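[1] below are the sequence and a predicted model for it; my questions follow.
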Amino acid sequence: MSSKSPAQGHADAYPLPYSEAQLSARPKGRSRLGWLAFTGISLLAVLFTVPFFLESQSALEPFYSHIVRPKGICTGVDGRELSSFSGYIGLKGDSDAEPKRSFFWFFEAENDSHNAPIILTIGGGPGTSGLLNPIFGQSHCILGENGTSPNPNRWTEKFNLLAVDHPVGTGFSYGTQVDNSRDAAFDVYDFLQKFYRLHPHLVKNQFVIAGGSYGGVYVPNIATVIHEQNIAIGQGRGQPGAVPINLESLMVSNPWSDPIARARWLLQYRCVEKKIYNETTCLDLYAKQPACLEAIEYAYGHSTRENRFKALIHCGQLETGDSHGTVIEDVRRKCANTSDIEACYPSFKWAGDYFGHPELKAALGVPDFLNYSAVSYGVGEKFATNGDHIYQHHRLYEPLVRDGIRLMHYVGAQDANCDWMGVFSFLKLLNTPFHEEFMSAPDVPWPAKENATVRVTGAGAGNFTFVLITEAGHLVTHDQPALVKSIVEHWVENKVFEVNEA
């Protein structure tokens, strides 16, 4: 099913929320895996035919849509083949000659899927596939060396899960690419408007955005665009035919969000807290830290592509220390070649083999000509050379939280890539209605001593919440699947983290 005309609306009609004037007025190398970090098959593919143009629903123009029902590739804990849909939606500017197509895999909740909240889950990177999230622990099946098996710690028991390869160029998404998170966020908004036209019964459902690592940049940008457009719709000036998205909360794990906080705390964590680098290396890197911090400050005040990229290069020098086999993403692990993702995390290789299988690609509705990569380095290079990393993306949370959108960070304490001290530092400096309460709130052990601590402000699970997971690294769901499932269920249901929970 296809047509040549895209829907209306995109980033070129809207100003950046972080203009150069705003940035200047506000307070002011990694390993290969760190640079782009995060997060017998029986196959049948049945075409899921849906109307792709509903005139009664929307004034938007027709768009490309190809969706299938995968069969036999993701079995639930009770042995049932649980419902999911996968495929493509064409974004603004898409055509057969110049495609721009976003790939997704939607897993229906086991319980009351028509009314269950929807969790949008995306990868990090930039360039890490969002499909890793469901198969690494979020969906009703989990990937092992020999394929998938039922996942007892699935998020999909209670929630709908919408995994998207974001931005275009990542995973199975293909075609015209962008080089910054703001334009990429408008692509997500375009995708969601079209997704809801194909699934209009889900428009009313609570909507949650989840991401980690570079998702700490993606999430606030996507949430900002959705919130801006919801306001515009309410004022009668939204995109033609657009529907409000019921954005309720955000969940972020081990994020890259504030580059200056990360640069300030990176050596403290690696040299003092965990002693990953030796004394000589630490002395050398500490001497380079001031130039990094100054370059970021200068790029904040003079935000050009060149200045942002220079700051990224300066600060990359802090990543050049020899970890002597300690995996930066999880300091408990050792790896002979820490620059090789697949050597340190074999699950990345399993994912590449799994999604690269021709029969699986056919089952998911993926064209034969596409090759899957768990990490698309070309996307990372585009975003890096544009200096997308060197914005105060974390400041986008401030108006969102003020307007009632809840925010939770759940962070693995064993991650030296996006370490918890740098994350906690920028959270303490955010200007929200919950700032004073957050600063004075206790870190309460939960659900039992040594598992995690929670710092909550607001009612229920909180409006501005920080969870520190003791025995987890960068990939928190991968490391602590049962605990993270409980955290996610508490958060989405806005249920109090009871201290006496076992």
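    Nice, I can see it. The model shown is predicted, which means the values in this text are computed figures rather than measured ones. Numbers count the residues shown, from 1 in each chain.

[2] CA atoms for contacts and neighbours, from now on please.
    Will do.

[3] and residue 106, what are its bridge partners?
    Partner residues in beta bridges with residue 106: residue 85, residue 162, with DSSP bridges as the criterion.

[4] enumerate every residue touching it.
    Listed by C-alpha atoms under 8 Å, 6 or more residues apart in numbering, the contact set of residue 106 reads 84-86, 160-163.

[5] would you reformat those residues as JSON lines and include pLDDT and neighbour count?
    Formatted as JSON lines, the contacts of residue 106 follow (pLDDT from 0 to 100; neighbours: other C-alpha atoms under 10 Å):
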{"residue": "84", "pLDDT": "93", "neighbour count": "19"}
{"residue": "85", "pLDDT": "94", "neighbour count": "20"}
{"residue": "86", "pLDDT": "96", "neighbour count": "24"}
{"residue": "160", "pLDDT": "97", "neighbour count": "28"}
{"residue": "161", "pLDDT": "98", "neighbour count": "27"}
{"residue": "162", "pLDDT": "98", "neighbour count": "23"}
{"residue": "163", "pLDDT": "98", "neighbour count": "26"}
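
[6] mind putting those in a markdown table, distance to residue 389 included?
    Rendered in a markdown table, the data for these read as follows (distance: C-alpha to C-alpha, whole Å):
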| residue | distance to residue 389 |
| --- | --- |
| 84 | 34 |
| 85 | 33 |
| 86 | 30 |
| 160 | 30 |
| 161 | 27 |
| 162 | 25 |
| 163 | 23 |
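
[7] immediately after the longest helix along the chain, which helix or strand?
    The residue-count maximum for a helix in the chain (DSSP state H) belongs to helix 279-301. With elements assigned by DSSP states H and E, the helix or strand that comes after helix 279-301 is helix 305-316.

[8] pull the distance from that following helix to the chain's centre.
    The gap between where helix 305-316 is centred and where its chain is centred comes out at 23 Å by C-alpha atoms, centre = their mean, to the nearest Å.

[9] what of stretch 69-85?
    Here the centre of mass of C-alpha atoms in stretch 69-85, compared against the chain's by C-alpha atoms, centre = their mean, lies 24 Å away.

[10] now do stretch 102-121
    Mean-position distance between stretch 102-121 and its chain equals 16 Å (C-alpha atoms, centre = their mean).

[11] what is the burial count for residue 324?
    Using other C-alpha atoms under 10 Å as the criterion, residue 324 is surrounded by 14 other residues.

[12] am I right that it falls within a helix?
    No: inclusion of residue 324 in a helix is not indicated when DSSP: H, G, I helix; E, B strand; the rest coil is applied; the result is coil.

[13] now do the contacts for it.
    Residues touching residue 324, when contacts are defined by C-alpha under 8 Å, 6+ apart, comprise 276-277.

[14] go with 6 Å
    Residues in contact with residue 324, defined by C-alpha atoms under 6 Å, 6 or more residues apart in numbering, are absent; none qualify.

[15] quick one: low-confidence ranges for this structure?
    1-60, 449-450, 500-502 (pLDDT under 70).

[16] tell me the centre residue of it?
    In the chain, the centroid-proximal residue (C-alpha atoms, centre = their mean) is residue 211; its distance is 2.5 Å.

[17] wait, doesn't that one sit right on residue 120?
    No: the pair residue 211 and residue 120 fails to qualify as a contact (C-alpha atoms under 6 Å) at a distance of 8.4 Å.

[18] pull the most distant pair out of the contacts of residue 106.
    Across the contacts of residue 106, the longest distance by C-alpha to C-alpha is 13.3 Å; it joins 86 and 160.

[19] nearest residue to residue 365 other than its sequence neighbours?
    Spatial nearest neighbour of residue 365, chain neighbours left out: residue 87 (5.3 Å); criterion: C-alpha to C-alpha, 6 or more residues apart in numbering.

[20] just say helix, strand or coil for that neighbour.
    For residue 87, the secondary structure call by three-state DSSP comes out as strand.

[21] pretty sure it is touching residue 362, no?
    No: contact between residue 87 and residue 362 fails when scored by C-alpha under 6 Å: they sit 10.2 Å apart.

[22] more neighbours: the two, which one.
    Here residue 87 and residue 362 are set side by side on neighbour count (other C-alpha under 10 Å), and the busier one is residue 87, at 26 against 17.

[23] and that one, what is it in contact with?
    Contacts of residue 87 were listed using C-alpha under 6 Å, 6+ apart, and they are 66-67, 103-104, 365.

[24] mind listing the strands for the stretch 301-450 of the chain?
    All strands of the stretch 301-450 of the chain, identified by DSSP state E, counting those that start in this stretch, fall at 326-327, 330-334, 406-412, 444-445.

[25] which one of the ones you listed lies nearest to residue 269?
    Across the strands of the stretch 301-450 of the chain, residue 269 has its closest neighbour in strand 330-334 (10.7 Å, C-alpha to C-alpha).

[26] distance between the closest one and the chain's centre?
    Between the mean C-alpha position of strand 330-334 and that of its chain there is a distance of 23 Å (C-alpha atoms, centre = their mean).

[27] which other helices and strands does it contact?
    In this structure, strand 330-334 packs against strand 326-327, with contacts taken as 3 or more C-alpha pairs under 6 Å, 6 or more residues apart in numbering; DSSP states H and E.

[28] do that again at 10 Å, thanks
    strand 326-327, helix 341-344 (3 or more C-alpha pairs under 10 Å, 6 or more residues apart in numbering; DSSP states H and E).

[29] which ones are touching the residue of the chain most remote from its centre?
    Going by C-alpha atoms, centre = their mean, the residue of the chain most distant from its centre is residue 280, 35.8 Å out. Contacts for residue 280 (C-alpha atoms under 10 Å, 6 or more residues apart in numbering) come out as residue 321.

[30] for it, give its distance to residue 235.
    Here the distance between residue 280 and residue 235 works out to 60 Å (C-alpha to C-alpha, to the nearest Å).

[31] for residue 251, same thing?
    Taking C-alpha to C-alpha as the measure, residue 251 and residue 235 are separated by 28 Å.

[32] may I have stretch 182-189 as PDB, with CA atoms only?
    In PDB, the C-alpha atoms belonging to stretch 182-189 read as follows (Å, rounded to 0.1, in the frame of the first residue of the first chain):
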ATOM      1  CA  ARG A 182      15.100  18.300  16.700                       C
ATOM      2  CA  ASP A 183      14.400  17.400  13.100                       C
ATOM      3  CA  ALA A 184      14.500  13.700  14.100                       C
ATOM      4  CA  ALA A 185      11.800  14.500  16.800                       C
ATOM      5  CA  PHE A 186       9.500  15.900  14.100                       C
ATOM      6  CA  ASP A 187      10.000  12.700  12.200                       C
ATOM      7  CA  VAL A 188       8.700  10.800  15.300                       C
ATOM      8  CA  TYR A 189       5.800  13.100  15.600                       C
END
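
[33] how much space between the nearest residue to residue 462 once chain neighbours are set aside and residue 425?
    The shortest distance from residue 462 to any non-neighbouring residue, by C-alpha to C-alpha, 6+ apart, is to residue 456 (5.3 Å). The spacing between residue 456 and residue 425, counted by C-alpha to C-alpha, is 16 Å.

[34] neighbour-wise, which of these two wins?
    Set side by side, residue 456 and residue 425 show unequal neighbour counts under other C-alpha under 10 Å, the larger going to residue 456 at 24 against 15.

[35] neighbours of residue 370, how many?
    Residue 370 is flanked by 14 other residues according to other C-alpha under 10 Å.
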